[in-house]
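Colleague: the following comprises the amino acid sequence and a computationally predicted model.
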Amino acid sequence: MNRNLFHLICFLALICALLPIHSKAQNSCIDGKVTNNGKGIANVVVTDGNKCVLSDKKGHYSISASANTEFVYVSTPSGYLPQDSLNIPRFYQKVNFKKTPTYNFELKINPKNDNNHLLLVHSDPQFFKEGNFDHYSKVVDDCLATINENKERDVFGIDCGDLAGDRSDLYPKYIDCLNRTNVPFYRVLGNHDMNYGGRTDETSIKTYNQTFGPAYYSFNRGKVHYIILDNVFYFGRDYFYMGYIDERIFQWLEQDLSYIPKGSTVFLAMHIPACLDEQPQPFSYNPVSMGDQTVNASSLFKMLKPYHVHILTGHMHYNRNIIHSTSMYEHNTGATCGTWWQGDYSLDGTPIGYGVYQIDGDKVSWYFKSAGHPRDYQMRVYPVGSNVEFPEDISVNVWNWDKNWKVEWFENGINKGEMIRCEGIDPEVAKMCADKEKLEFKWIGPIKTNHIFRATPQNKNTMIEIRVTDSFNNVYKTTIKQ
């Protein structure tokens, strides 16, 4: 045989022998079963964060996963809960190909009818020291009261990120404190939950993954599909990030949504807002445009267009509702920590509190619950002379306002019509931030908000009533004597 031909044959044989080994190194099969009391559950979505598959009629699933797969997890179907649903809902398992390729999920039947459920939305607890938990416990107490008022409902929560202020060592205390509610809370990755100092975005979420599991996932309650996304993209320099959804997450989301019928109600939670304006502003290459909104949100909106969507976000430390379309509503929730635990308000005057969403089948309603106040506490009114920006006017901060609300005023019982909406600073926040001796962070200052309303009384020593009607025709009233 020709020596060159012999060498070629040997070389090709070696390549053929190595191909299966190379392929195996790149891809491995993950399989398992989804069960309840040992009985298989069909049509459950299972994913490794790249591919989504359905369990068969006996509950079996199989995924051809890449070698760098970290988790395998289920999109918990309606009517079921993860076996361990408190502390951190265990809908996921850490993958270790050296130990086993098989990962089984045992789900339990939800004892409540989840067609009628209650969602509590927190954002930015952002603990930076142990003492913050003394204040946080009051928020948890208020949540407990809300839960007890809704005992007949299935209740759970979502925390929209910045679970700690660059202090991951405080995660255990945060988890234990919130677990007093005795309901599951699903978490979102925030920019202050990242590990800095790594070379890429992929290395920035290791501590979060170790504590809370995958940074993007989904689950179902009743007729609603819930999605958690990671939209905080780390630049590779400390404290530099932008709102951005990468291609891997988009591809996963496309698959996840493919199992959800068009026209369904979808809640999507992520830390950084999608878009803070109903009419998107031209993009500017600066920290505000990049770090406070999702730069490729238009692609997300396009993907979500066939559904009725509520986007839940945080990050901004103020409360703002944005109606992107008749079927897409964004709720930016005021910070649970307010002004970094420095006072009783977020930067826009929203009291420390949380969002409450009541879901009855396909019907969704909501309100903002101020911790330590009754449910109907939805505004704060200031008499003439209190607001230096409008010294001749009464002013009112309606923190959960959107354009479907109506804010009217009455003078001595006479309806004077709707108040003028303007951008302004809440006087209480201005007062709080002016006392720098009481602030641990001296850089904190008030911001202008678009949910300040004002009106000019015609007479002195008159009785003024403010009447606010929300999107669901709930009426809130308060009076002030001039």
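Modeller: That came through, no problem.
Colleague: C-alpha only now, for contacts and for neighbours.
Modeller: OK.
Colleague: list the contacts for the closest residue to Lys58 other than its chain neighbours?
Modeller: Excluding the flanking residues, the one nearest Lys58 by C-alpha to C-alpha, 6 or more residues apart in numbering is Gly40, at 4.6 Å. Applying C-alpha atoms under 8 Å, 6 or more residues apart in numbering to Gly40 gives the contacts Lys33, Val34, Lys57, Lys58, Gly59, His60.
Colleague: out of the residues you listed, which are buried?
Modeller: Among the contacts of Gly40, the ones that count as buried by 16 or more other C-alpha atoms under 10 Å are Lys33, Val34, Gly59, His60.
Colleague: the second one bridge partners, please.
Modeller: As for beta bridges, Val34 partners with Phe105 under DSSP bridges.
Colleague: just the closest of the contacts of Gly40 to Ser325, please.
Modeller: Val34 (37.7 Å; C-alpha to C-alpha).
Colleague: and the contacts of Gly40, which is closest to Met463?
Modeller: Using C-alpha to C-alpha, the contacts of Gly40 come closest to Met463 at Val34, 64.0 Å.
Colleague: buried ones in stretch 369-385?
Modeller: Buried-residue list, stretch 369-385, by 16+ other C-alpha under 10 Å: Lys369, Ser370, Ala371, Gly372, Tyr377, Gln378, Met379, Arg380, Val381, Tyr382, Pro383, Val384.
Colleague: give me the pLDDT value at the fourth one.
Modeller: Meaning Gly372. pLDDT recorded at Gly372 is 97.
Colleague: quick check: it is in a helix.
Modeller: No: using DSSP: H, G, I helix; E, B strand; the rest coil, the assignment for Gly372 is coil, not a helix.
Colleague: picking up where we left off before, out of the buried residues of stretch 369-385, which sit inside helices?
Modeller: Among the buried residues of stretch 369-385, the subset assigned to helices under DSSP state H is empty.
Colleague: please convert the residues you listed to JSON lines, extending it with distance to Ile466.
Modeller: JSON lines is the format used below for these (distance: C-alpha to C-alpha, whole Å):
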{"residue": "Lys369", "distance to Ile466": "19"}
{"residue": "Ser370", "distance to Ile466": "19"}
{"residue": "Ala371", "distance to Ile466": "22"}
{"residue": "Gly372", "distance to Ile466": "22"}
{"residue": "Tyr377", "distance to Ile466": "13"}
{"residue": "Gln378", "distance to Ile466": "11"}
{"residue": "Met379", "distance to Ile466": "9"}
{"residue": "Arg380", "distance to Ile466": "10"}
{"residue": "Val381", "distance to Ile466": "8"}
{"residue": "Tyr382", "distance to Ile466": "11"}
{"residue": "Pro383", "distance to Ile466": "12"}
{"residue": "Val384", "distance to Ile466": "14"}
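Colleague: restricted to strands, list these.
Modeller: Lys369, Ser370, Arg380, Val381, Tyr382 (DSSP state E).
Colleague: ok so, going back, and the furthest pair within the buried ones among the contacts of Gly40?
Modeller: Across the buried ones among the contacts of Gly40, no pair lies farther apart than Val34 and His60, at 6.5 Å, counting by C-alpha to C-alpha.
Colleague: all strands of the stretch 151-300 of the chain, in order?
Modeller: Ranges of strands within the stretch 151-300 of the chain are 154-159, 185-187, 217-221, 224-228, 232-234, 241-243, 265-269, based on DSSP state E, counting those that start in this stretch.
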